[in-house]
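J.: Quick one: sequence plus predicted model below, questions after.
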Amino acid sequence: RHNFKVDLIFLDHYKNAYLPDLQFLEESGLIQKDTIICADNVIYPGAPQYLEYVRNHPNYIGTFYEGNLEYCDDEFPRKDGIEISVRV
């Protein structure tokens, strides 16, 4: 355990690792009250287990911000977004 907390966490790596990495940070004591967690690309390619966890956990409040995938070769923009959660 540490004597400090992380103020802001930005998740933008392997999407299947979002949830285990968040839980590791929780267990290490780095996430405390008022820590902000930003998780990018939660719709595409997606992080459904992460979303399920933070949206249903009583210690987090969050907001989803919809957008379009920034790098996409498709004719039509692909919907995506970022989930911003705060530890309460």
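T.: Looks like it came in fine.
J.: Specify the beta-bridge partners of the residue most central in space within the chain.
T.: Nearest to the mean C-alpha position of the chain, by CA atoms, centre = their mean, lies Ala39 at 2.7 Å. Ala39 forms beta bridges with Leu11, Glu83, as assigned by DSSP bridges.
J.: Can you give me the pLDDT of it?
T.: Here the pLDDT value assigned to Ala39 is 98.
J.: Provide a list of residues in contact with it.
T.: Going by CB atoms under 8 Å, 6 or more residues apart in numbering, Ala39 touches 11-12, 18, 47, 50-51, 54, 82-85. Any C-beta I mention is one placed from the backbone N, CA and C, and that applies to glycine too.
J.: repeat that with 10 Å
T.: Going by CB atoms under 10 Å, 6 or more residues apart in numbering, Ala39 touches 9-12, 15, 18-19, 22, 47, 50-51, 54, 62, 64, 81-85.
J.: mind saving the C-alpha coords of the strand or helix carrying Ile61 as CSV?
T.: Assigning secondary structure by DSSP states H and E places Ile61 in strand 60-68. What follows is strand 60-68, C-alpha atoms only, in CSV (Å, rounded to 0.1, in the frame of the first residue of the first chain):
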residue,chain,number,x,y,z
TYR,A,60,-18.2,5.0,-8.7
ILE,A,61,-20.3,7.6,-10.5
GLY,A,62,-19.7,8.0,-14.1
THR,A,63,-20.7,9.7,-17.4
PHE,A,64,-20.4,8.3,-20.9
TYR,A,65,-19.4,10.7,-23.7
GLU,A,66,-20.3,9.4,-27.1
GLY,A,67,-18.1,10.2,-30.1
ASN,A,68,-16.7,8.7,-33.3
